[in-house]
Every structure is written in C-alpha cells, then in structure tokens.
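Novice: give me the fold of what follows.
(2 chains)
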Amino acid sequence: MQRFLRHDYYYHMRREFLIQKITFILLLVSFVSFAQHHDADHGAAAVETSSETSLKEEIKEFIGHHLLDSYDFSLFSYEDEHGKDVHVGAPLPVILWDSETGLNVFSSSNFHHGETPAESKGNFYKVYHSKIYKTDAAGTIHLDDHHHATNEKPLDFSITKNVAVIFLVSLLMFFIFSRMAKSYKTSALPTGFGRLLEPIILYIRDDIAIPNIGKKKYKKYMSYLLTVFFFVWIINLLGLTPLGVNVTNNIAVTLALSLMTYFITTFSGNKDYWKHIFWMPGVPTPMKIILAPIELLGTIIKPFSLMIRLYANITAGHIVLMSIIGLMFIFKNWIGSPLSFGLAFALSLLELLVAALQAYIFTMLSALYFGSAVEEHDHH
Amino acid sequence: MDKLIEQFSLGLFFWQSLLFIGLVLLLKKFAWKPILDAVNEREEGIQNALDSAEEAKKEMQSLNADNERILKEARAERDSLLKDAREVKDKLISDAKEDAQEQAKTIIENAKAAIEVEKKAAISELKTQVAGLSIEIAEKVVKSELASKDDQLALVDKILGDVTLK
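Specialist: As a prediction, this is how the structure comes out:
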C-alpha cells in the first residue's frame, strides 16, 4: 500500500512539474510574441521618423526605463494612428511627505505618465527620471552642471509598481502556503500544489538549514529562510514574465533583504561569535589586533555581497535579455529575428535557472551566516 | 556606484522591509509552523512505525527461537520417556523370563524327584515280586525235581560233593 502511495505521490509531483514547465514556456513564448507585436506597432513609425541610431537609442531608453521603478502599473504602451502615446495599465497611489504640507496622497494618474506636474495641497510635483520633485505650476526642473535635478524632493512612500508587486507576491505567498498548511489538517500527505512545494521546503530544511546551522538551533531560522527563498524565487520568476516586473534589480529591495540577514546574524551571535571577531583565539596577540577590524568589516561585507550579488545578477540578466530582444528591431531581416529569438529563448531558460539559483544562494549564504553566529566551539 | 545611490528609493526600501517582515511573521504563524510541524509529525510517525515493525520482527524472532527451544525440549523429553519405557519393558520381560525359568526348573525338579521315588518304589516292588516269583518257581522246580527218593539223594550227594571241593 505504501509503495503505491509513494508512486502516486511522485507521479503527481512529476506531472505538476511538467505543467509548471509548460506554463513557463508559454509565458516565454508570449513574452517574445509581445515583443514582436510591439515591433509591428512601432516599426512603421520608426521607419518614417527616425534613423537607425535613434532606434538604438530608443531601445536603450526602453531597457533603462524597464529597469527603473514606475509610479503606475503600466503593462505596455504604444502610439496610436494619431502619433499619441497610449498607455495600458493601472494608476497607483502616490504617498508623499512634504515638510510644509505633511502627508499628500493622490493618484499617479495625475502625473499623466510624467508629462504634467500633479497638484496636491497647493504644491506641484513632477516625475523626472523616475523620481518625484517639487516644482512650480509649469513643472520646471532645474538642472545643475551634471544634469542632476536640484529641485526639492519630498519623502516618497508611494505605492510604486514594485511595491504593488511585492504586496501582490506577499498576498500570493500567504494564500498558497496558508492553504497548504490547512491541507495538512485533513491528511498527513500534502495535497494539490503542496506536493510540489513540500520537497522544496524539505530541501531547504534538510540541505540548507540543518547542515549550516545545526540540528539544535535551525528551527528558529526556518521561517526567515523559507520566506526569503520563496519570495526571491517567485519575484525573480515574475521578472521573466512579460508583465515587465523587476523587483530584485532594485538595490533598495536587495538591501532590505540583506539587512534582515545582517540583523538576524548580529542579534543571534553568541559569545563565541563575537570572540572570534574581536579577539580571535589561537593567533598571536599582534595578529589579534590586526584581525579584529578585518573581521568586523567582514560582518558587513557578507550581507553587502548578498545585496550586490542578487541585484547584479538579476539586473544583468534583464539587460542582456532585453538587448537581445531589442536586436529584433535593429536587424529586421529574415536571419536576424530568428537568431534573436533563439538567443532570447536560450537566455530565458538560463534566466529561469538563475532565478532559482539566486534565491538558493541568498538562502544558503544567510543560513551559513546564521550558522557561524550560533556555532558552538567545543574544541577550545 | 553614483547611479546606484541615485537610484536608491527610500520608499521602496521602507515598503519592502515592512511588507517582508509582515510576510515572515504571518507565514510563520499561518504556514511554516503548521507545515513543518505536520511534516515533523509525519516523519516521526513513519519512524515510529518502522521502529515498532522492527521490534515486532525481533519479537517474532525471539518467539520463534522460544518455540524452537520448547519443541526441542519436548522432543528430548519424549525421547527420554520412550527410552525409559523401553527399559522398563525390557526389564519386565527379562524378569518374567527369569521367573518362568525358575518355576519351570522347580517343576521339573519336583517331577524328577517324584519320578525317582516312583521309580524306586516300582523297582522295590518289582524286586519283591521277582523274589516271590522265583521262590514259587524254585518251589515248583524243587517239587518236581525231588519227587523221587533217588533224586533227592543224588542232589544231596551233589551238594555234598561241591562242599568238599571247596
């Protein structure tokens, strides 16, 4: 009987895995087809109005724009037959704290996609290079010699596209995992989507948490490790969909995550941990004095490397992938587009791997740092 | 690096931290703890089941060994009982044989003694009868022999002659 059950279990797992794979491939295909659709819309206008250099510029600008956060949830935009930009998406709330007027809340649709300044409590705000600046009624941006805006910046707590995505992913995760938890009340074996997730959870427990932190203390860190793994993975995967979501290539997001790892490591550090930082046992005294600042710096460099690694990997992936898709617009011949398509397809598969790998590395290294903080050195 | 710092958005950092801490806490209460507990419980259950199966197997083995031992003992006891019985039987038979022989012997001896007595009696009777018969015969012979006077004288002479010779 048990054998049968097991077989059944694996069979379902494999099936779910297959379904997921197919879904990803479909998403990829739609990503590329969306890009081509974009090409068709833009192509005619591009041929009429601009030369090839400006097309390259446009692609570069598009990639740059894609990498930045935005104040509304724009899915895509195109020019209609009158040459007017049409944006498809939803506006999001803008929340500003101005030292004069206090809290300002208004819809991002007031910005008209950065074209006009928005008015709130008698002040005017304008989006310039994805940042909100305080301006006059005409929306004048004063630039210094380095082309940096010198206008006053209000404290910006807006629900931007990335914040909205983080919120949605959090909701999704809460929904999936609390439902999975409930399913255990009725049966000892996971049901539905849990069949796919349980092996991953067990993998994180048995191959990341326990070997790095130790059997005695790993339980305390499981919640963080599991959350960070699934959060980063899901968000990385969303970045590969044609929704144009890119959360983990914001340094603010990776900083928040790595700071969490830093704080947990620092606050759970035991006597041994601090002793190894400030007064390394087993080395001569002058070495101890030299090692202390290095070790202390190391505690900061570790989470810093976490932050940069995740940020850089995802950003680089997005830039390369979008550049290759952008090649389609430039080649515009029978050999270029399939080549670009093939490259983009292969790279997307690689990015799928990177999405999981970066989540794994972040979780793994966090576990390693926690482990070093709670390690007991019995041999002294 | 400059660009990186310029890109840094405090709002995004704030929301990410807030939402993420909230997510960790919520998931801890509603997902990770129940899931990990359930998985642990299941694993323990499986381990316990395996352990008890192993125990049952061992018990079975010891039971089997016990059975084997008891069977062996019973067999040995049966063997010794059979042996005893055989010995008793043999003894009984030999005793009976001895008794019978003894009895037969006495009977034969008695018979022999009786036969001897009878034989002796018969012989003595035969002797007396033979003596009587010989006297009668002698009488008759003598009567017939010494019917005349001459014969009697002849005989006396003969006897007298024998006596002198001696």
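
Novice: helices of the stretch 51-200 of chain A, residue ranges please.
Specialist: A:52-67, A:161-186, A:194-203 (DSSP state H, counting those that start in this stretch).

Novice: swap that for chain B, please
Specialist: B:2-7, B:10-27, B:33-145, B:149-165 (DSSP state H).

Novice: I'd like those helices laid out as TSV, including mean pLDDT and mean neighbour count.
Specialist: From N, CA and C alone the C-beta is placed, and that goes for glycine too. Formatted as TSV, the helices of chain B follow (pLDDT from 0 to 100; neighbours: other CB atoms under 10 Å in any protein chain shown):
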stretch	mean pLDDT	mean neighbour count
helix B:2-7	73	10
helix B:10-27	92	19
helix B:33-145	92	11
helix B:149-165	79	10
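
Novice: now render those helices as a markdown table, adding distance to residue A:296.
Specialist: A markdown table is the format used below for these (distance: least, CB to CB, whole Å):
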| stretch | distance to residue A:296 |
| --- | --- |
| helix B:2-7 | 23 |
| helix B:10-27 | 24 |
| helix B:33-145 | 35 |
| helix B:149-165 | 176 |
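
Novice: turn these into TSV, including distance to chain A.
Specialist: Supplementary listing: these in TSV, determined by distance: least, CB to the nearest CB, whole Å:
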stretch	distance to chain A
helix B:2-7	6
helix B:10-27	4
helix B:33-145	4
helix B:149-165	139
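
Novice: hang on, the earlier thing: least confident of the helices of the stretch 51-200 of chain A, on average?
Specialist: Comparing mean pLDDT over the helices of the stretch 51-200 of chain A, the weakest stretch is helix A:52-67, at a mean of 77.

Novice: can you name every helix or strand that that helix contacts?
Specialist: helix A:285-331 (3 or more CB pairs under 8 Å, 6 or more residues apart in numbering or on different chains; DSSP states H and E).

Novice: who in the stretch 51-200 of chain A is up against chain B?
Specialist: Counting by CB under 8 Å from any CB of the partner chain, the stretch 51-200 of chain A comes close to chain B at A:68-69, A:95, A:131, A:148, A:155-160, A:162-163, A:166-167, A:170, A:173-174, A:177-178, A:180-182, A:184-185, A:188-189, A:198.

Novice: write the PyMOL selection for whichever of those are buried.
Specialist: Buried subset of those, written as a PyMOL selection, criterion 16 or more other CB atoms under 10 Å in any protein chain shown:
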select buried, chain A and resi 68+69+95+131+156+157+158+159+160+162+163+166+170+173+174+177+178+180+181+184+198
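
Novice: relative to residue B:137, how far out is residue B:143?
Specialist: Separation of residue B:143 from residue B:137 (CB to CB, to the nearest Å): 10 Å.

Novice: residue A:107 contacts residue A:73, doesn't it?
Specialist: No: the pair residue A:107 and residue A:73 does not pass the contact test of CB atoms under 8 Å, sitting 11.8 Å apart.

Novice: overlap in contacts of those two?
Specialist: A:91-92 (CB atoms under 8 Å, 6 or more residues apart in numbering or on different chains).

Novice: per-domain residue ranges of chain A.
Specialist: For chain A, automatic domain parsing gives the domain ranges A:1-86+A:161-380, A:93-158.

Novice: adding distance to residue B:115 as columns, could you present the ones you listed in TSV?
Specialist: Formatted as TSV, the domains of chain A follow (distance: least, CB to CB, whole Å):
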stretch	distance to residue B:115
domain A:1-86+A:161-380	97
domain A:93-158	150
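
Novice: save the helices of the stretch 51-200 of chain A as CSV, and put in distance to residue B:6 too.
Specialist: Output for the helices of the stretch 51-200 of chain A, formatted as CSV (distance: least, CB to CB, whole Å):
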stretch, distance to residue B:6
helix A:52-67, 13
helix A:161-186, 16
helix A:194-203, 37
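
Novice: and the helix or strand that contains residue A:369, what does it pack onto?
Specialist: Per DSSP states H and E: residue A:369 is located in helix A:336-374. When contacts are defined as 3+ CB pairs under 8 Å, 6+ apart, helix A:336-374 packs onto helix A:2-49, helix A:210-213, helix A:219-239, helix A:251-268, helix A:271-278, helix A:285-331.

Novice: quick check: angle from it to helix A:194-203?
Specialist: 50 degrees (axes from the mean of the first three to the mean of the last three CA atoms, to 10 degrees).

Novice: now helix A:336-374: buried residues?
Specialist: So, applying 16+ other CB under 10 Å, buried residues of helix A:336-374: A:337, A:340-341, A:343-345, A:347-348, A:351-352, A:354-355, A:357-374.

Novice: which residues of the stretch 251-380 of chain A lie near chain B?
Specialist: A:251-253, A:255-257, A:259-260.

Novice: repeat that for 6 Å
Specialist: Contacts of the stretch 251-380 of chain A with chain B, taken as CB under 6 Å from any CB of the partner chain, map to A:251-253, A:256.

Novice: could you dump the residues you listed to JSON lines with neighbour count and distance to residue A:292?
Specialist: Below are those laid out as JSON lines (neighbours: other CB atoms under 10 Å in any protein chain shown; distance: CB to CB, whole Å):
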{"residue": "A:251", "neighbour count": "21", "distance to residue A:292": "29"}
{"residue": "A:252", "neighbour count": "23", "distance to residue A:292": "31"}
{"residue": "A:253", "neighbour count": "31", "distance to residue A:292": "32"}
{"residue": "A:256", "neighbour count": "22", "distance to residue A:292": "29"}
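
Novice: would you point out the most distant pair within those residues?
Specialist: Pairwise distances across those (CB to CB) peak at 9.6 Å, for the pair A:251 and A:256.

Novice: report the central residue of chain A.
Specialist: With distances taken as CA atoms, centre = their mean, residue A:248 lies nearest the centre of chain A, 1.9 Å away.

Novice: what sits against that one?
Specialist: A:235-236, A:310, A:314 (CB atoms under 6 Å, 6 or more residues apart in numbering or on different chains).

Novice: tell me the one of those residues nearest chain B?
Specialist: Chain B lies nearest to residue A:235 out of the contacts of residue A:248, by CB to the nearest CB, at 10.3 Å.

Novice: count of neighbours near the closest one?
Specialist: Number of residues near residue A:235 (other CB atoms under 10 Å in any protein chain shown) recorded here: 23.

Novice: nearest residue to it other than its sequence neighbours?
Specialist: Excluding the flanking residues, the one nearest residue A:235 by CB to CB, 6 or more residues apart in numbering or on different chains is residue A:247, at 4.7 Å.
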